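1. A predicted structure for the sequence below; I have some questions about it.
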Amino acid sequence: MYHNIFLILLVFILILIASCTRIHISNDKEIDVARTRTIQHNTPYADVLVALGPPAKVTALPSGFAFLYESTQVLQRGIALSVYFIRASVTKGDRVLDAYVVVFDERGLVVGHEQITKSVPLSLTFAVTIPTGGPPRELIASAPQHHWGMSMLNPLPQTLNAANDIDAGMHGLEQRGTPIAIGQRTLAGP
Amino acid sequence: MIQSLRYITWSILFVMLAATGCAQISKKAGVENRWRDQNIVLQEGVTTQQQVLAQLGPPSQIIALPAKIVFYYLFEETKGRLLFLILYNQANTDITYDRAIFFFNKDNVLETYSFSKKENN
């Protein structure tokens, strides 16, 4: 009799089990705050490069150019109850976005710079799913430089909006994680 | 009863061991980071665009700035460590970038350049 009870118990444990999941994503090195303090008005761009290295993104501007340095940390925690491969889960997460932008004039001298570190809570989700999810795709998307030169091969709305392609380095900068359906990308959004 | 207890204990242990595991993933993207080679010769005010291209190959991105041309090289590496236990699962992903950026003046001569700082710098 005990044998049967234990067998049933074993099967029950295996098919109906709660589990915790912790996902951590680190995207790029942290921006060195001590080095950003050395950057002042009229600092040459070469000194900015010496202090911080190459930026994550570069763009031309009508009156100069700009660098964007970025670092993102995503931490997502979840608890799930699984019944075979179907999963009922509650997940909650935070992302810490560190961004530093430096704007230069035509001579390559700093005219403005600002750093922001913000913690943005990721949405609390409750789902009954087959577990395929993860953090928002825009936070783990590969760097836009990998796709440079392919802007005319995108789906039609994006191709038609290629003149405003933010990833081309000619039309401005955008922080990682910015929703796609805003600003210059609005026309290319879903 | 004791025998059944043993049986079930071993069964649970077996299933726990069989169902748990760990994994390591690695992904690389971008251009080959030849700028880390010791033989690369770069001299501000002397090296030309053609010499940079000959040594490093095509860049990831070329950007036209006012009175400057930028060659942007990017190598991206993703390393992930996954741990699957039955009650607790953990995934750590670390995305690192090795970048090189070159600024040329109107005469196509290297004005300045920079590489990503290594971890110990």
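-> Right, received. Where do you want to start?
2. Give the buried residues for stretch B:111-120.
-> Neighbour counts over stretch B:111-120 (16 or more other C-beta atoms under 10 Å in any protein chain shown) mark B:111-117 as buried. Any C-beta I mention is one placed from the backbone N, CA and C, and that applies to glycine too.
3. cool, stretch B:92-100 as well?
-> Residues of stretch B:92-100 classed as buried: B:93, B:95, B:97-100 (neighbour count, 16+ other C-beta under 10 Å).
4. Widest-spaced pair of those?
-> Maximum pairwise distance among the buried residues of stretch B:92-100 (C-beta to C-beta): 23.9 Å, between B:93 and B:100.
5. TSV for the buried residues of stretch B:111-120, including distance to chain A?
-> Converted to TSV, those look like this (distance: C-beta to the nearest C-beta, whole Å):
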residue	distance to chain A
B:111	8
B:112	4
B:113	8
B:114	4
B:115	7
B:116	5
B:117	5
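6. Of the residues you listed, which belong to strands?
-> Those of the buried residues of stretch B:111-120 mapping onto strands are B:111-115, per DSSP state E.
7. Out of those, which comes closest to residue A:70?
-> When these are ranked by distance to residue A:70 (C-beta to C-beta), residue B:114 comes first, at 16.4 Å.
8. For the residue nearest to that closest one when sequence neighbours are not counted, what is the enclosing helix or strand?
-> Spatial nearest neighbour of residue B:114, chain neighbours left out: residue A:49 (3.7 Å); criterion: C-beta to C-beta, 6 or more residues apart in numbering or on different chains. Assigned by DSSP states H and E, residue A:49 falls within helix A:45-52.
9. Tell me the helices and strands packed up against the helix or strand following that helix.
-> Next along the chain after helix A:45-52, taking DSSP H and E as the criterion, comes strand A:57-61. Applying 3 or more C-beta pairs under 8 Å, 6 or more residues apart in numbering or on different chains; DSSP states H and E, one finds that strand A:57-61 contacts strand A:64-83, strand B:61-65.
10. Could you pull out the buried residues of the longest helix along chain B?
-> Ordering each helix of chain B by length in residues (DSSP state H) puts helix B:2-19 first. Residues of helix B:2-19 classed as buried by neighbour count (16+ other C-beta under 10 Å): B:8, B:12.
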